[in-house]
Structure formats: structure tokens, C-alpha cells
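Colleague: Attaching a predicted model along with its sequence, questions to come.
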Amino acid sequence: MSRFGRHRGDFGWRELRLIAEFDGRTKYFDCKPTDQAIFEERRREKALMEDDWTFFRIEWDDLSAPAVLKSRLIVAMDKAAAWVRLRAS
């Protein structure tokens, strides 16, 4: 939930306030005009970031190296957990 309403991420961890977004070409080029898709995504992302959510972005190429993707995700989750602890103190 943000100042622009309720949003749905591709994956998320509420307790970490972390959203994983899968960035594929379809989202930007096949569903609606590209400029509109980018504007709406950035607007949503900025509003959620104002509410202390962080983002982890995944692309198709990332799936070809699952060990690297897992490591990146663990780092993102650790950073998000540290940020949650800092805000709570």
C-alpha cells in the first residue's frame, strides 16, 4: 500500500519490506505504450520506496546462473533485514 493505493510485486517479503521484480521485455513493450509502462512503474516504485520498501530486480539472463542469483538475493535480504532493524531501533 502506498499513497497511490495497493500494489502487487512479483515476489515479496513483507517482514523485510523487500520486493523482487522480474523485468522482462513484455512488461515494457507488449502490454501498453512503453513510456506509459515505465512512468507507471517508476511512480509505483517511488511511492513504495517512500514507505521504506526496497527492490531487487531480476531479468531472464539471471535465471541462467541460479547460484549467482541466489547470492545476490541473500545479500539483498540481508541488507533489507539490517534496514528493518535500524528503523525499529
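Modeller: Arrived safely. Everything numeric here is computed off the predicted structure, so don't read it as measured data.
Colleague: Model confidence for the spatially most central residue of the chain, exactly?
Modeller: Closest residue to the average C-alpha location of the chain: Phe55 at 3.2 Å, with CA atoms, centre = their mean. Per-residue confidence (pLDDT) for Phe55: 95.
Colleague: Over to His7?
Modeller: We have a pLDDT of 71 for His7.
Colleague: Same question for the one 4 residues further on.
Modeller: On pLDDT, Phe11 comes in at 93.
Colleague: who's in contact with it?
Modeller: Applying CB atoms under 8 Å, 6 or more residues apart in numbering to Phe11 gives the contacts 19-22. Quick note: C-beta positions are derived from backbone N, CA and C, even for glycine.
Colleague: which of those residues are buried?
Modeller: Members of these that pass the buried threshold by neighbour count (16 or more other CB atoms under 10 Å) are listed as 19-21.
Colleague: Tell me which of those fall in strands.
Modeller: Restricting those to those inside strands, with DSSP state E as the criterion, leaves 19-21.
Colleague: separation between Gly12 and Met77?
Modeller: Summarising the geometry, the distance separating Gly12 from Met77, computed by CB to CB, to the nearest Å, is 11 Å.
Colleague: Give me the next element, helix or strand, following the helix or strand of the chain with the lowest mean pLDDT.
Modeller: Considering only helices and strands, the least confidently modelled element of the chain by mean pLDDT, DSSP states H and E is helix 25-29, at a mean of 67. Proceeding C-terminally, helix 25-29 gives way to helix 34-50 as the next helix or strand, assigned by DSSP states H and E.
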